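**Q** Compute the structure for the input listed below.
(chains A and B)
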Number of protein chains: 2
Amino acid sequence: MRISELDTPALLVDLYRLEANLDRVAGFARAADLKLRPHTKTHKTIHIAQLQLARGAAGITVAKIGEAEVMADAGIDDIFIAHQIVGTKKIERLLALAQRVTIAVGVDSRDAAAPLSSAFAQRGLRLPVLIEVDVGLHRCGVTPEKVLDFARQINTLPGLNLVGLFTYPGHVYAARSQNEVAGITAYECRIMNELTNQLAPIAEVTDRVSGGSTPTAPHYTAKCGLTEIRAGSYVFNDRTQLDRWSARPGDCALTVLATVVSTPEPGRAVLDAGSKSLAADLAPDSPGHGMLKEDNDAILVKLNEEHGFLDLSRASIKLKVGDKVEVIPNHCCAVCNLFDEMVAARNGEVLETWPVAARGKLR
Amino acid sequence: MRISELDTPALLVDLYRLEANLDRVAGFARAADLKLRPHTKTHKTIHIAQLQLARGAAGITVAKIGEAEVMADAGIDDIFIAHQIVGTKKIERLLALAQRVTIAVGVDSRDAAAPLSSAFAQRGLRLPVLIEVDVGLHRCGVTPEKVLDFARQINTLPGLNLVGLFTYPGHVYAARSQNEVAGITAYECRIMNELTNQLAPIAEVTDRVSGGSTPTAPHYTAKCGLTEIRAGSYVFNDRTQLDRWSARPGDCALTVLATVVSTPEPGRAVLDAGSKSLAADLAPDSPGHGMLKEDNDAILVKLNEEHGFLDLSRASIKLKVGDKVEVIPNHCCAVCNLFDEMVAARNGEVLETWPVAARGKLR
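**A** Next comes the predicted model:
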């Protein structure tokens, strides 16, 4: 079947582009002697996680225990949950997971670490933990000057095994130039390297110094201070990545196939895809909510839930009711979470349908 | 079980508030002698649609055929799809639906109407259609001056039965005052009334003149020109409705229960709910992405996918890691579409869990 025969909206993956993206960032990691532990929250899809592992990933990253459970059920056995785990129900599930796969989680406070410690110690287990370091995003994480003290506290807690450090330089999405991206990457590496050295007397964390993102991925070098990077969006790329110099339009592997349902006046078309299939996320610089793969000057200037407002005034594409188009979204991770399945195609031919198995695994 | 015992993020409905909201807008409709045909895309939940019908709704509205199928399977037998239906697969499903429930759809172009006409005429059926009128949103719809001509075209097409007119005054969300809301409502009514009169010689549409929204709902009066309103968000209300004078904070029936996972510095807390559970939609005026039910001065200033950045600098609430809070979101419709189920509670006691049965029905 051709993708043009699919009902819309449909989530499409261009396999050539996907494979090229996987290889490109795997190449960056290899060139810098870094492990790649991709963040699977982007795609939430078992098949893509398996492709990443087959192409050399050292394990995977997830955001939620529910995502880890889906991936563990599929046989993936080395999982890092890059999030604090808080709450008794979640700790129970983490205990079960830790007994069947290699798992590690983030910690950034004694308040979050203490219940993990009790639960694991009670069962005679030790949970591998990585201290989250804030290198500038100011989300979670311990500030660099407090890491040594916090590591000492973690070392006093039974049931926990301090195995590493991790950070996420997400403030790179506010960078205004490629130079600034390089600067954020260099700072991340310097801080993580200094902390690794600081911690040497009290903890062996040199094997698991984890950082990275898609925009910073090309900027790491051998012995940079990290041992592993956790890029996510690189599998698909999107308008956010175009804005941050991570990709060119021809690298965007994920699109939403949509149908023109109305052309109320010249220069305007309405698609049957809105924020419930494209997500309302804005891109850092690019205007609107998406652009057509067929004509990047055709911009979705506004979304309602089930309507996409397409501005064709600067575009050369001509559209009529019934035409199908592919939208390159602003934020691929948010879009995958809105679909139950994605359609994998090569040269416009539908090859497979992959369930977005971890969609909606919010807990 | 108390809601505080639920794992997070969880979607909560406060039943007292829900019932009060249902009654309030049903009262507006009754007072203006209007039918209420609520838009169920807001909640996508069978149980709430049934509550709306039990409290006097004349039928329901949906956005997608997939939503209509879910509601029809639950025994709801009068459904308006307020959208153009374009594409052969969708028309096949519409044919099947039309043979088991009372269904009507929107049309705004001959290009979209012609395939519907052929498909229904071929089976000896007539599909009830309502012409969509653009009264100012400039999304889909025929402009008022072209409606009569378009109605004549529809009348020439076999297999279609022109039964009404509909509009959606969604530009009300850009209104800057309650006076402006009243003005938009009055204009909507005047145009729809004029068109009904214009069409009298060629089509009997006086029983189905449909409009409305949650912000305009209080402003209709008897013999205003409409016969039915299609409010959606009123069941829950949200920060968008607060901004448009439709509700007060105590009317917000839908919240996302979340846990504090990190308190990296004074005045700041991080929740385990981000754009994948709260949606990235902005409110018209209110800053950020949500506010706490417990303290409306505690604002979610930023969302990442699985992290909510809570600014407590103007709030009096004190939070520590492990605390659970309820977030009033910007846009209730987008939030419901992210959860597989919602938990109905009264006085903080969990009573029932309702599947969001039409979640993800994008087609």
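**Q** residues contacting A:K44?
**A** A:K44 is in contact with A:67, A:70, A:336-337, A:356-359, A:361, counting by CB atoms under 8 Å, 6 or more residues apart in numbering or on different chains. Yep, even glycine has a C-beta here, placed from its N, CA and C like the rest.
**Q** close enough to count as contact, A:K276 and A:L338?
**A** Yes: A:K276 lies in contact with A:L338 (CB atoms under 8 Å); the separation is 6.3 Å.
**Q** any shared contact partners between these two?
**A** B:337, B:362.
**Q** list the helices and strands the helix or strand encompassing A:E352 packs on?
**A** Taking DSSP states H and E as the definition, A:E352 sits inside strand A:349-355. Packed against strand A:349-355, as judged by 3 or more CB pairs under 8 Å, 6 or more residues apart in numbering or on different chains; DSSP states H and E, are the following elements: helix A:46-54, strand A:341-346.
**Q** of all these, which lies closest to chain B?
**A** Closest approach to chain B among the helices and strands packed on strand A:349-355 (CB to the nearest CB): strand A:341-346, 9.8 Å.
**Q** Contact distance from chain B - what residues of the stretch 51-200 of chain A qualify?
**A** A:63-64, A:83-84, A:86-87, A:89-90, A:108-109, A:111-112, A:115, A:134, A:138-143, A:170 (CB under 8 Å from any CB of the partner chain).
**Q** are any of those buried, and which?
**A** Among these, the ones that count as buried by 16 or more other CB atoms under 10 Å in any protein chain shown are A:63-64, A:83-84, A:86-87, A:90, A:108-109, A:111-112, A:115, A:134, A:138-143, A:170.
**Q** pLDDT score for whatever residue of the stretch 101-250 of chain A ends up closest to chain B?
**A** Of all residues in the stretch 101-250 of chain A, the one sitting closest to chain B is A:D111 (3.7 Å; CB to the nearest CB). On the pLDDT scale, A:D111 is placed at 97.
**Q** Number of residues surrounding the closest residue to chain B within the stretch 251-363 of chain A?
**A** Using CB to the nearest CB, A:V321 is the residue of the stretch 251-363 of chain A that sits closest to chain B, at 3.7 Å. The number of residues packed near A:V321 is 21, by other CB atoms under 10 Å in any protein chain shown.
**Q** and if you look at A:G267?
**A** With other CB under 10 Å as criterion, A:G267 counts 11.
**Q** what's near enough to touch it?
**A** A:G267 touches A:311-313, counting by CB under 8 Å, 6+ apart.
**Q** what's the helix or strand for the residue nearest to A:R248 when sequence neighbours are not counted?
**A** Take A:R248 and drop its neighbours on the chain: the residue closest to it by CB to CB, 6 or more residues apart in numbering or on different chains is A:L242, 7.0 Å away. Element membership for A:L242, per DSSP H and E: helix A:239-243.
**Q** buried ones in the helix or strand immediately after that helix in the chain?
**A** Moving toward the C-terminus from helix A:239-243, the next helix or strand (DSSP H and E) is strand A:254-265. For strand A:254-265, the buried set under the neighbour-count rule, 16+ other CB under 10 Å, comprises A:254-264.
**Q** ok, now which ones touch A:L11?
**A** Counted by CB under 8 Å, 6+ apart, A:L11 has contacts A:254-257, A:277, A:335-336, A:339, A:341-343, A:356.
**Q** where's A:P264 relative to B:G106, distance?
**A** Between A:P264 and B:G106 the computed distance is 13 Å (CB to CB, to the nearest Å).
**Q** Check the contact lists of these two and give me the overlap.
**A** B:C140.
**Q** circling back: among the contacts of A:L11, which ones lie close to chain B?
**A** A:277, A:339.
**Q** and the gap between A:D297 and A:T206?
**A** A:D297 is 50 Å from A:T206, by CB to CB.
**Q** So which bits of the stretch 201-350 of chain A are right by chain B?
**A** Within reach of chain B by CB under 8 Å from any CB, the stretch 201-350 of chain A has these residues: A:259-264, A:268, A:270, A:272-273, A:275-277, A:279-282, A:304-307, A:309, A:320-322, A:331, A:333-334, A:337-340.
**Q** Filter these down to the buried ones and hand me the ChimeraX line.
**A** Here is the ChimeraX command that selects the buried residues among these (16+ other CB under 10 Å):
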select /A:259,260,261,262,263,264,268,270,272,273,275,276,277,279,280,281,282,304,305,306,307,309,321,322,331,333,334,337,338,339
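**Q** Report the central residue of chain A.
**A** Geometric centre of chain A, nearest residue: A:G232, 3.0 Å, by CA atoms, centre = their mean.
**Q** wait, isn't that one in contact with A:L36?
**A** No: under the criterion of CB under 8 Å, A:G232 is not in contact with A:L36, lying 11.0 Å apart.
**Q** Now the common contact residues for those two.
**A** With CB under 8 Å, 6+ apart, A:G232 and A:L36 have no common neighbours.
**Q** Reformat the helices and strands packed on strand A:349-355 as JSON lines; add mean neighbour count and mean pLDDT.
**A** Below are those laid out as JSON lines (neighbours: other CB atoms under 10 Å in any protein chain shown; pLDDT from 0 to 100):
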{"stretch": "helix A:46-54", "mean neighbour count": "19", "mean pLDDT": "98"}
{"stretch": "strand A:341-346", "mean neighbour count": "19", "mean pLDDT": "98"}
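**Q** what about the nearest residue in space to A:S316 that is not next to it in sequence, helix or strand, and which?
**A** Sequence neighbours aside, A:D295 is the residue nearest to A:S316 in space, at 6.1 Å (criterion: CB to CB, 6+ apart). In the assignment (DSSP H and E), A:D295 maps to no helix and no strand.
**Q** Helices along the stretch 101-250 of chain A, start to end?
**A** Remark: helices assigned in the stretch 101-250 of chain A by DSSP state H, counting those that start in this stretch are A:110-122, A:147-156, A:178-199, A:239-243.
**Q** Give me the residues contacting the longest one.
**A** This points to helix A:178-199. Against helix A:178-199 from outside (CB under 8 Å, 6+ apart): A:133, A:135-136, A:144, A:147-148, A:151, A:165, A:167, A:169, A:171-172, A:175, A:205-206, A:209, A:211, A:215-216, A:219-220, A:224-226, A:244-245.
**Q** what about 6 Å?
**A** Outside of helix A:178-199, the residues within contact range by CB atoms under 6 Å, 6 or more residues apart in numbering or on different chains are A:135, A:144, A:147-148, A:151, A:165, A:169, A:172, A:175, A:205-206, A:209, A:211, A:215-216, A:219, A:224-226, A:245.
**Q** hmm, which of those are the buried ones?
**A** Judged by 16+ other CB under 10 Å, buried ones among the contacts of helix A:178-199: A:135, A:144, A:147-148, A:151, A:165, A:169, A:172, A:175, A:205, A:209, A:211, A:215-216, A:219, A:224-226.
**Q** show me where the stretch 201-350 of chain A has strands.
**A** Along the stretch 201-350 of chain A, the segments classed as strands by DSSP state E, counting those that start in this stretch run A:209-211, A:228-229, A:254-265, A:268-271, A:290-292, A:299-303, A:308-311, A:324-329, A:341-346, A:349-355.
**Q** Tell me which of these sits nearest to B:T156.
**A** With CB to CB, the closest approach to B:T156 among those belongs to strand A:254-265: 20.3 Å.
**Q** For that closest one, which strands pair with it and how are they oriented?
**A** strand A:10-14 (antiparallel), strand A:268-271 (antiparallel), strand A:324-329 (antiparallel) (DSSP bridges).
**Q** Let's see the second one as PDB, backbone CA atoms only.
**A** As requested, C-alpha coordinates have been extracted for strand A:268-271 and formatted as PDB (Å, rounded to 0.1, in the frame of the first residue of the first chain):
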ATOM      1  CA  ARG A 268      -5.600  29.200   3.000                       C
ATOM      2  CA  ALA A 269      -6.300  25.500   3.600                       C
ATOM      3  CA  VAL A 270      -7.600  23.600   6.600                       C
ATOM      4  CA  LEU A 271      -6.200  20.200   7.500                       C
END
